[in-house]
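J.: here's a sequence, model it:
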Amino acid sequence: MELFNVYPLFPISIVKGKECYVWDEEGTEYLDLYGGHAVISIGHCHPHYIEMMTNQLQRLGFYSNSVVNKLQIELAHRLGKASGYDDYSLFLINSGAEANENAMKLASFHTGRKRVLSLEKAFHGRTSLAVEVTNNPKIIAPINDNGHATYLPLNDLPAWEAELRKGDVACCIIECIQGVGGIREVTAGFMQGIRRLCDETGTILVCDEIQCGYGRSGRFFAHQLYGIQPDLITVAKGIGNGFPMGAVLIHPKFEAVFGRLGTTFGGNHLACTAALAVLDVMEQEHLVENAASVGKYLIDTLREMKLPHVVEVRGEGLMIGIELDQPYKEIRERLLFEEHCFTGCSGTNVLRLLPPLCLSKQQAADFIDKFKRCLNS
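T.: Reported below is the predicted structural model:
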């Protein structure tokens, strides 16, 4: 049997990691500015994370959600305090797509409506409704194309108001900083307008914080940069630092009804342990603040340098997009194979930086030197 060939792979096998570095099986060291696609929040192989996961696995790796799991209760309390949403409830699942599916399901149950508004260039996952509200026809199968989604332009409040005033929208789902869409940001005025319109029309506001949340933007959640409070917040990626996990933070106005939501693996003992270890390290090492300061240094320096082929540098914290005047492929491959630096990408010409939140200013400066050499070669 062979693997189903769905990923374009670099011919590199990563076998070891530490903090912001990974090594291949030949022993080559790479600076990781990709973080496994924004998943590695506290750094690779953090000793506290390893210790907590090992200890938990020696006690109990899994039992179902038919019994009390005190780790879930502790996580809900800790996450509420860390994020500022201690009056919300927590539903734990396994991935970002699941988080978005369940958030939109809750919105539909609550409103009795079927339609969803989503941004142009949005990405919310690959499962049934999550992929339908993802603005990429190449990955939407006929069975998923059910007419629930309407895609609207970024920051075009009149266009969104026209749709919301129809009164049939269950929810708006918005990434405040679009990841796959090219690190495009909402404005404060747009998000505040959406919040007001949702209140006026009885529509639920869902903020997808799967990539831009969990400290990556320099705030715990990216929407906190814009002074609004969503009804539902979806998280994944950085919550588990590589252990598969997702969650929905749920406003108190939603009623919990037995049987409406459920999961086999969600919130298992290992997943909750991973999430608690992540919160420990984020708090002890001040990683949200680090993301803000190192990210500002990266963005400001890259903008001031006015490097060749760089059209625009945008983003917040350690979620940064570098738009180029040419396809990213050659420069990204030079960064990887010549400078030994992992980066991500968006579209055809945007390099995407999604490093662990422990990235240091010196490591950021090292990347800038590597990037400059690639552009000038």
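J.: dump stretch 98-111 to CSV, restricted to CA.
T.: Extracted C-alpha coordinates of stretch 98-111, given in CSV (Å, rounded to 0.1, in the frame of the first residue of the first chain):
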residue,chain,number,x,y,z
GLU,A,98,-14.6,20.4,13.7
ALA,A,99,-14.6,23.6,15.7
ASN,A,100,-16.1,25.5,12.8
GLU,A,101,-18.6,22.8,12.0
ASN,A,102,-19.9,22.8,15.6
ALA,A,103,-19.9,26.6,15.9
MET,A,104,-22.0,27.0,12.8
LYS,A,105,-24.3,24.1,13.9
LEU,A,106,-24.8,26.0,17.3
ALA,A,107,-25.6,29.2,15.4
SER,A,108,-28.2,27.4,13.2
PHE,A,109,-29.8,25.7,16.2
HIS,A,110,-30.0,29.1,18.0
THR,A,111,-31.4,31.1,15.1
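J.: and it, what's buried?
T.: 98-111 (16 or more other Cβ atoms under 10 Å). For every residue, glycine as well, the C-beta is placed using N, CA and C.
J.: next one: stretch 66-80
T.: Under 16+ other Cβ under 10 Å, the buried positions of stretch 66-80 are 69, 71-72, 75-76, 78-80.
J.: domain assignment for the chain?
T.: As recorded under automatic domain parsing, the domains making up the chain are 14-41+286-376, 47-284.
J.: among those domains, which is nearest Asn5?
T.: domain 47-284 (15.7 Å; Cβ to Cβ).
J.: okay if I get the domains of the chain as TSV plus distance to Glu2?
T.: Shown next, in TSV, are the domains of the chain (distance: least, Cβ to Cβ, whole Å):
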stretch	distance to Glu2
domain 14-41+286-376	20
domain 47-284	21
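J.: looking at those domains, which is closest to Val6?
T.: domain 47-284 (10.5 Å).
J.: span of the closest one from start to end?
T.: 13 Å (Cα to Cα, to the nearest Å).
J.: report the rounded mean pLDDT for it.
T.: Mean pLDDT, domain 47-284: 98.
J.: over to stretch 353-367?
T.: pLDDT averaged over stretch 353-367 gives 98.
J.: can I get the CA coordinates of that stretch in PDB?
T.: C-alpha atoms of stretch 353-367 as PDB (Å, rounded to 0.1, in the frame of the first residue of the first chain):
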ATOM      1  CA  LEU A 353       5.700  33.500   8.600                       C
ATOM      2  CA  LEU A 354       4.000  31.500  11.400                       C
ATOM      3  CA  PRO A 355       6.900  30.700  13.800                       C
ATOM      4  CA  PRO A 356       6.600  29.300  17.300                       C
ATOM      5  CA  LEU A 357       5.700  32.100  19.700                       C
ATOM      6  CA  CYS A 358       9.100  31.800  21.500                       C
ATOM      7  CA  LEU A 359      11.000  33.100  18.500                       C
ATOM      8  CA  SER A 360      13.700  35.500  19.700                       C
ATOM      9  CA  LYS A 361      14.700  38.900  18.300                       C
ATOM     10  CA  GLN A 362      18.100  37.400  17.300                       C
ATOM     11  CA  GLN A 363      16.400  34.500  15.400                       C
ATOM     12  CA  ALA A 364      14.100  37.100  13.700                       C
ATOM     13  CA  ALA A 365      17.300  39.000  12.700                       C
ATOM     14  CA  ASP A 366      18.800  35.800  11.400                       C
ATOM     15  CA  PHE A 367      15.800  35.200   9.200                       C
END
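J.: residues in contact with it: which ones?
T.: 19-20, 31-35, 37-38, 40-44, 179, 211, 215-216, 238, 282, 285, 287-288, 290-291, 293-294, 297-298, 301, 315, 318-322, 341, 343-344 (Cβ atoms under 8 Å, 6 or more residues apart in numbering).
J.: buried ones only from those residues, please, as a PyMOL command.
T.: If you want just the buried ones from those in PyMOL, going by 16+ other Cβ under 10 Å, the selection is:
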select buried, resi 19+20+31+32+33+34+35+38+40+41+42+43+44+179+211+215+216+238+282+285+287+288+290+291+294+298+315+318+319+320+321+322+341+343+344
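J.: sounds good, over and out.
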